[in-house]
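Colleague: Pasting the sequence and the predicted model now:
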Amino acid sequence: MSILRRRPGVPRTLITLIASLGAVATAVPASAAESQADLSVDLALGTTRIPLNGKTVPADIHVANAGAASADGIVVTFEIPATAIISGEGPSTDSPWQCTLGRPVRCTHPTLTAGQSAAPLRLPVRLSEGVDGQSAVITASVTTTSQESSTMNNLDSESVTYDASLGAPDLRVESVIPIPDHRVIEGDWVKYPMNFRNSGDIPAADVRARVVAAPGLLWGVGDQSDPRWQCTTVVESQEWDCAYGSLSVGSATRTLSFSGRMPAGGQPGDRLPVTVTLSTSTPGEDPAGNVHEGGFEYATPAYVSGRVWLDVDRDGQRDAGEGTPAPNPLSVSLVPVAGGAAVYVPVNADGTYRMPMRAGQYLYRARFVPGSYQFTTPNVGDDATDSDVYVVYDSGDQVVAESDLVSLSEGEEATIDIGLVTVG
């Protein structure tokens, strides 16, 4: 303690004023520290013990800002073992998290204000095979371009241990082949053959597939299905429950196939979905890969059009007044070059036709039983009025003519005309 003593000749009031000023000077506070952000990251795994054949483990990442200021430029770095992969495509496009699925995975998030928590970020990690007791480390860290009061809680790690005592089936959709293609047009016959596999380390009992399709798309189980599949209709022409029985380790099911026809009324780009969900009564099965979401989509049709005419003067050109042979003797079809059934082309009474088709490559084929007609000479003069097919087969039973290869893109139209001449 300081004691002020009055010197001789100094007034007592002046001593009191000096003491008061000294007390005021020592009471002035220091400048308050600048407000800063304080991010934290918390990593939680769906399980910490997995079987030796590996497993998909959900990883949930929680980020929060406990600071007194906003955090900008937030980046989470997610590191997984070299043999692991991210299962799926990451967050949906409407999620605030946007990820680049490289090595490591990097995910960005918009600004978090003081006290705000981010929406959880889930990244399913598919861990490959391992040996008993082996550990796999998964790490999440977070950074910000803003100043932080502390970075002690910006990193979190968890480990997963391989355990030989664990065992479970692992059903997966192995193959789905939309026939004739996933983009089809109104009226197309469609098939949907599927195969499934047990990639786990114990058999799967009571394997089932729940098939749900757009109303009216699939009519039921097709002739490609193996009889081991036993399907019950849940909703007519829309939903089925199919039982297979047990599936041993590493084995695939026989083919389960549905068939139907693309219904009328669709617009190009409209989807007709098919969803398949696998299940088993054996506990512990990994649900990742059990659901297939596919189906068909309406394509923009291409067209093949043209005219069948009687070449009266035999010059290979359709002249004014040359009409249609009566009756029309031809059977006309389009044959897909890539394989598949020929498509019958109906010809109108006036000899014209116009047929919608899927994009692809085709041969235009016309045939008739020999008798009163023969094909005229093709590719003579003006292409707009000549005949576009040439004879490829001629016997006592039938005469067949084909066009050159026709390549059609969606929305295109090809014209193939056919000229006939009388015989005798």
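Modeller: That came through, no problem. Residues are numbered from 1 along each chain as shown.
Colleague: Which SSE is immediately downstream of the lowest-mean-pLDDT helix or strand in the chain?
Modeller: One helix or strand of the chain scores below all others by mean pLDDT, DSSP states H and E: helix 12-26, with a mean of 38. Note on helix 12-26: by DSSP states H and E, the next helix or strand toward the C-terminus is strand 39-45.
Colleague: Now do that next one: everything it contacts.
Modeller: With contacts defined as Cβ atoms under 8 Å, 6 or more residues apart in numbering, strand 39-45 is touched by 57-67, 71, 74, 76, 112, 138-144, 148, 153-158, 160. For glycine as for every other residue, the C-beta is placed from the backbone atoms N, C-alpha and C.
Colleague: same thing but 6 Å
Modeller: With contact meaning Cβ atoms under 6 Å, 6 or more residues apart in numbering, strand 39-45 is reached by 57, 59-65, 71, 140, 142, 144, 153, 156, 158.
Colleague: now the very next helix or strand once past it: mean pLDDT?
Modeller: Once the chain leaves strand 39-45, the next helix or strand it forms, by DSSP H and E, is strand 49-50. Averaged across strand 49-50, the pLDDT comes to 91.
Colleague: Stretch 363-378 too?
Modeller: 89.
Colleague: neighbouring contacts of that stretch?
Modeller: Residues outside stretch 363-378 that contact it (Cβ under 6 Å, 6+ apart): 311, 316, 329-335, 387, 389-391, 398-403, 416, 418-421, 423.
Colleague: start to end distance for it?
Modeller: The first and final residues of stretch 363-378 sit 15 Å from each other (Cα to Cα, to the nearest Å).
Colleague: in that stretch, what's buried?
Modeller: Within stretch 363-378, the residues that count as buried by 16 or more other Cβ atoms under 10 Å are 363, 364, 365, 366, 367, 368, 373, 374, 375, 376, 378.
Colleague: cool, and stretch 204-218?
Modeller: By 16+ other Cβ under 10 Å, the buried positions in stretch 204-218 come out as 204, 207, 208, 209, 211, 212, 213, 214, 216, 217, 218.
Colleague: repeat for stretch 67-79
Modeller: So, applying 16+ other Cβ under 10 Å, buried residues of stretch 67-79: 67, 69, 70, 71, 74, 76, 78.
Colleague: same check, this time on stretch 124-135
Modeller: 125, 126, 127, 130.
Colleague: show me what contacts the second one?
Modeller: Listed by Cβ under 6 Å, 6+ apart, the contact set of residue 126 reads 56, 85, 87.
Colleague: now swap in the third one and tell me
Modeller: By Cβ under 6 Å, 6+ apart, residue 127 lies in contact with 54, 55, 84, 136.
Colleague: So which of those is surrounded by the most neighbours?
Modeller: Among the contacts of residue 127, residue 55 has the most neighbours (other Cβ atoms under 10 Å), with 24 neighbours.
Colleague: now it, which residues is it bridged with?
Modeller: On the basis of DSSP bridges, residue 55 is bridged to residue 127.
Colleague: Ok, residue 139 next?
Modeller: Under DSSP bridges, the beta-bridge partners of residue 139 are residue 79, residue 157.
Colleague: thinking it is in contact with residue 79, fair?
Modeller: Yes - using Cβ atoms under 6 Å, residue 139 is in contact with residue 79, at 4.6 Å.
Colleague: State the distance from residue 161 to residue 116.
Modeller: 35 Å (Cβ to Cβ, to the nearest Å).
Colleague: picking that back up, tell me which two in the buried residues of stretch 204-218 are the farthest apart.
Modeller: Pairwise distances across the buried residues of stretch 204-218 peak at 32.4 Å for 204 and 216 (criterion: Cβ to Cβ).
Colleague: Residue 305: which element?
Modeller: For residue 305, the host element (DSSP H and E) is strand 302-310.
Colleague: Show me which positions of that strand end up buried.
Modeller: Across strand 302-310, burial judged by 16+ other Cβ under 10 Å covers 302, 304, 306, 307, 308, 309, 310.
Colleague: And stretch 177-188, by the same measure?
Modeller: So stretch 177-188, judged by 16+ other Cβ under 10 Å, has buried residues 178, 179, 180, 181, 182, 183, 184, 185, 188.
Colleague: do stretch 224-237 as well
Modeller: By 16+ other Cβ under 10 Å, the buried positions in stretch 224-237 come out as 224, 225, 229, 231, 237.
Colleague: and these, which of them are in strands?
Modeller: With DSSP state E as the criterion, strands contain residue 231 from among the buried residues of stretch 224-237.
Colleague: out of the buried residues of stretch 224-237, who's nearest residue 93?
Modeller: Once Cβ to Cβ is applied, the member of these that ends up nearest residue 93 is residue 237, at 32.7 Å.
Colleague: about what we covered before: just the C-alphas of the strand holding residue 305, formatted as PDB.
Modeller: Provided in PDB are the C-alpha atoms of strand 302-310 (Å, rounded to 0.1, in the frame of the first residue of the first chain):
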ATOM      1  CA  ALA A 302     -37.100 -42.000 -85.400                       C
ATOM      2  CA  TYR A 303     -39.200 -42.800 -88.400                       C
ATOM      3  CA  VAL A 304     -38.900 -44.900 -91.600                       C
ATOM      4  CA  SER A 305     -41.400 -43.900 -94.300                       C
ATOM      5  CA  GLY A 306     -42.000 -44.500 -98.000                       C
ATOM      6  CA  ARG A 307     -44.200 -45.900-100.700                       C
ATOM      7  CA  VAL A 308     -44.800 -49.100-102.500                       C
ATOM      8  CA  TRP A 309     -45.700 -48.500-106.200                       C
ATOM      9  CA  LEU A 310     -46.200 -50.300-109.500                       C
END
